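Would you be able to build a 3D model of this:
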Amino acid sequence: MKSLIDPVVALAEEAGRAILKVYATDFDVQSKDDDSPLTQADLASNRCIVAGLKVLTPEIPIISEEFGLPEFDVRGRWDRYWLIDPLDGTKEFVNRNGEFTVNIALIDHQEPVFGVVHVPVQQKTYIGCEGVGAERRDGDGSKKPIRVSGVSRSPVRVVGSRSHRGASLDAYLRNLGKYDMVPMGSSLKFCVIAEGGADLYPRLGLTSEWDTAAAQAVVEQAGGKVVTLDGRPMKYNTKVDILNPHFFVIGPSDKDWLALLPDSE
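This is a model prediction of the structure:
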């Protein structure tokens, strides 16, 4: 997989430039069937990534948020496939706060083994590759290995969704004790944990598999964990729908974070 890193990073950066071209305009916002927003930036990024992956690895199928989802009796037989979110954080894009990403993941036997998360506005790219590790590349060409924090801080540094928050999360945070909550959009939350900038991201709400796969690869290759509420690693392409269960992204493992869940969870 090491040979895929540079060409996939280049694809993500190209998609990021296509997104920023739209970002600089007075763009229109449409609504999908589920009422989530859709812009020309999502579509331009999708075209770029899909075309590039088909040239790079024509034998590997692709699942994208902007495609129709293949039937499970077809994709359930895939051992390996690309899973992409061409623009994760469209709400952040529409609100122009810069907290949106390009997510490209390679899934192998239900596990994300390679992931690239590009942040167009920040010109940063996070990479996690099994057998290689995790790193951040900046717009000036510099590369830096990244690692989750070894010990949690006090107060605990928690990242959470800027667009989604509910009673279950509030109940968990009450059990957590002293904490600093930093709201943040898109898969950036995973990346901040992967480079040691936060300790924990409890996600007690709905997400889809393309929202998390690339960033999960980054966190796991940086020494962190992405686990469901039973403590097991989050898997992909195991069922008909593509919704994730509730999960925790954990940097330092010096506390039993799941033990603090309210009994209802």
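
can you give me the end-to-end distance of stretch 73-85?
Taking C-alpha to C-alpha, to the nearest Å, stretch 73-85 runs 22 Å from one end to the other.

Do me a favour and average the pLDDT over the helix or strand containing Lys144.
Assigned by DSSP states H and E, Lys144 belongs to strand 143-145. Across strand 143-145, the average pLDDT comes to 97.

Give me the contacts around whatever helix or strand comes next after it.
Counting by DSSP H and E, the element after strand 143-145 in chain order, helix or strand, is strand 156-161. Contact partners of strand 156-161, identified using C-beta atoms under 8 Å, 6 or more residues apart in numbering, comprise 169, 173, 176-185, 189, 192-193, 197-203, 205. For glycine as for every other residue, the C-beta is placed from the backbone atoms N, C-alpha and C.

if you set the cut-off to 7 Å instead, what comes out?
With C-beta atoms under 7 Å, 6 or more residues apart in numbering as the test, strand 156-161 has contacts from 169, 176, 178-184, 189, 192-193, 198-201.

on that earlier part again, and the strand holding Lys144, how far out from the chain middle?
A distance of 19 Å separates the centroid of the chain from that of strand 143-145, by C-alpha atoms, centre = their mean, to the nearest Å.

Remind me what that strand packs against, helices and strands.
Where contact means 3 or more C-beta pairs under 7 Å, 6 or more residues apart in numbering; DSSP states H and E, strand 143-145 is packed against strand 133-138.

As PDB, could you dump the C-alpha coordinates of the strand it packs on?
Provided in PDB are the C-alpha atoms of strand 133-138 (Å, rounded to 0.1, in the frame of the first residue of the first chain):
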ATOM      1  CA  GLY A 133       2.200   4.600  10.300                       C
ATOM      2  CA  ALA A 134       0.600   8.100  10.400                       C
ATOM      3  CA  GLU A 135       1.800  11.500   9.300                       C
ATOM      4  CA  ARG A 136       0.700  15.000   8.500                       C
ATOM      5  CA  ARG A 137       1.800  16.800   5.400                       C
ATOM      6  CA  ASP A 138       1.600  20.600   5.300                       C
END
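
what's the spacing between it and its chain's center?
With C-alpha atoms, centre = their mean, you get 15 Å for strand 133-138.

which other helices and strands contact it?
Applying 3+ C-beta pairs under 7 Å, 6+ apart, one finds that strand 133-138 makes contact with strand 124-129, strand 143-145, helix 209-221.
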